[in-house]
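> Have a look; sequence and predicted model below, questions after that.
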Amino acid sequence: MKYMVIIYGNKDLWASFPPEEAGRAIAEVNAFNRRYAESGELLGAYGLGDELTAKTVRVRDGVPAVTDGPYLEAKEFVSSFFFLDCEDEARALEIAAEYPFASHSAVEVWPVLHEAGTAM
């Protein structure tokens, strides 16, 4: 079963890490990614830009409108996500609990119910 794991963050959280601790945290995430990529359970991990780089697109009456920022006003934003392929939800939750930033921020685990095929 596939799962999407979403990690939230905010500028206050990132600013709270002294430079040496930030480097250590990044190394921990890289080690986490390597461990689960080698086990075959991590399908991909992606870090995102902050809320200042996000854009929202809405189409009304056939006219697209693009605005700056995420679609919701919130203190936290989606900062990264990864995909898992695990035997069951219990295993996905176990892996999510090991994510280094789980002790600093929310980590959501969503089952992937449908995967659209793409032709290239």
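Arrived safely, thanks for sending.
> going forward, measure contacts between C-alpha atoms and count neighbours the same way
OK.
> Can you name the next helix or strand after the longest helix along the chain?
Across the chain, the longest stretch assigned as helix under DSSP state H is helix 19-39. Following helix 19-39 in sequence order, the next helix or strand is strand 42-47 (DSSP states H and E).
> who touches stretch 54-72?
With contacts defined as C-alpha atoms under 8 Å, 6 or more residues apart in numbering, stretch 54-72 is touched by Glu51, Leu52, Thr53, Phe77.
> Closest to Val5 out of those residues?
Of all the contacts of stretch 54-72, Val5 sits closest to Phe77, with 13.8 Å by C-alpha to C-alpha.
> Does the closest one touch Leu52 like I think?
No. Applying C-alpha atoms under 8 Å, one finds Phe77 not in contact with Leu52, separated by 10.4 Å.
> ranges for the strands of this protein?
Here the chain has its strands, by DSSP state E, at 2-9, 42-47, 55-60, 63-68, 77-85, 107-111.
> the inter-axis angle of the second one versus strand 2-9?
Just to be clear, that refers to strand 42-47. Angular relation of strand 42-47 and strand 2-9 on a 0 to 180 degree scale: 20 degrees, by axes from the mean of the first three to the mean of the last three C-alpha atoms, to 10 degrees.
> ok, now the shortest one?
Calculated by the same axes, to 10 degrees, strand 107-111 forms an angle of 160 degrees with strand 2-9.
> ditto for the fourth one
Put simply, strand 63-68 runs at 50 degrees to strand 2-9, going by the same axes, to 10 degrees.
> So which bits of strand 63-68 are buried?
By neighbour count with 16 or more other C-alpha atoms under 10 Å, strand 63-68 contains no buried residues.
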